[in-house]
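Q: Sequence and predicted model, in that order:
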Amino acid sequence: MLEGPAPVDWQGTALDCGRCDHADRQETGQCGLGWSCLHDRYAKRIERFFLMNPDLADACLDHPYFETRMNAARVASVFRLPRLLGDPDPGVRAMAVLRLPRPYAERAMTDPDRRVRIAVVNRVQPRYLLPMAADGDAYVRSIVARRAPDGVLAQMMADADPEIRRIVARRLPESYLDRFRDDPDPLVRREAAARRPALFQADPDLRVRHTVAETGDAALVRSLLEDAEEIIRETAAQRLAQLKETT
């Protein structure tokens, strides 16, 4: 059954099953024009072909089309994959990183393409992530921040990207959170305030104080009943009422 674009090879030439060395596999349902094909340009058909014919994957790791190499790498023998770390296509290199043993992933930490480094961050053990905490790509660093152990997280508290500092503030041990009191971004301080509200009782941003009013204990919240902002006073009163109901 045809799905997706017209079946053509990676150079745009119409496909002819009669000229394929694997045409006999049609009889067993392992391939079919416009559905599952080694020679197709459409990635989903290539992926399906190798899932149904993994025995052919090793022989296709040198194919000129990057989609074919990448999908072959999904199921090929891992013993054939180390050389793909030097493949010209980053998608192929990333696939190799995801499948090879972790020591191979560590070799790709400085790969020039973010897709490969993202694969590395997801593959290596968290304790090895320190070199990538200073990666030049913010998305790579954000994944590091989600996986890193406390020691690496502490090195990321001053990251230039406030979204990354927010992730760090959510994950660091509470003993570190006082260092966020002077963070220039109120949304970062709000993350820290949700975990240690007493540190942010007098924060100049109402969003931070609102979090304090929502999460603080009775003594702390009571101090916000006279806050200059009405919404803070109302939230503090509601929080006190809730705390009384639970005692």
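A: Arrived safely, thanks for sending. Numbers count the residues shown, from 1 in each chain.

Q: Contacts only, for the most centrally placed residue in the chain.
A: Taking Cα atoms, centre = their mean, the centroid of the chain lies closest to residue 143, which sits 5.1 Å from it. Neighbour list for residue 143: 118, 121-122 [criterion: Cβ atoms under 8 Å, 6 or more residues apart in numbering]. Where C-beta positions appear, they are placed from N, C-alpha and C, glycine not excepted.

Q: pLDDT value on it, please?
A: pLDDT for residue 143: 97.

Q: quick one on the thing from earlier: of the contacts of residue 143, closest to residue 149?
A: Using Cβ to Cβ, residue 121 comes nearest to residue 149 of these, at 13.3 Å.

Q: tell me what the longest helix along the chain is packed against?
A: The residue-count maximum for a helix in the chain (DSSP state H) belongs to helix 230-245. If you count contacts as 3 or more Cβ pairs under 8 Å, 6 or more residues apart in numbering; DSSP states H and E, helix 230-245 packs onto helix 206-215, helix 218-222.

Q: what's the closest non-adjacent residue to residue 169?
A: Among residues not flanking residue 169 along the chain, residue 191 sits closest, at 3.9 Å (Cβ to Cβ, 6 or more residues apart in numbering).

Q: doesn't residue 166 make contact with the one you found?
A: Yes. Under the criterion of Cβ atoms under 8 Å, residue 191 makes contact with residue 166 at 4.9 Å.

Q: among the contacts of residue 143, which are in helices?
A: Among those, the ones falling in helices (DSSP H) are 118, 121-122.

Q: Most neighbours among those, please name it.
A: Highest neighbour count within the ones in helices among the contacts of residue 143: residue 121, with 26 neighbours (other Cβ atoms under 10 Å).
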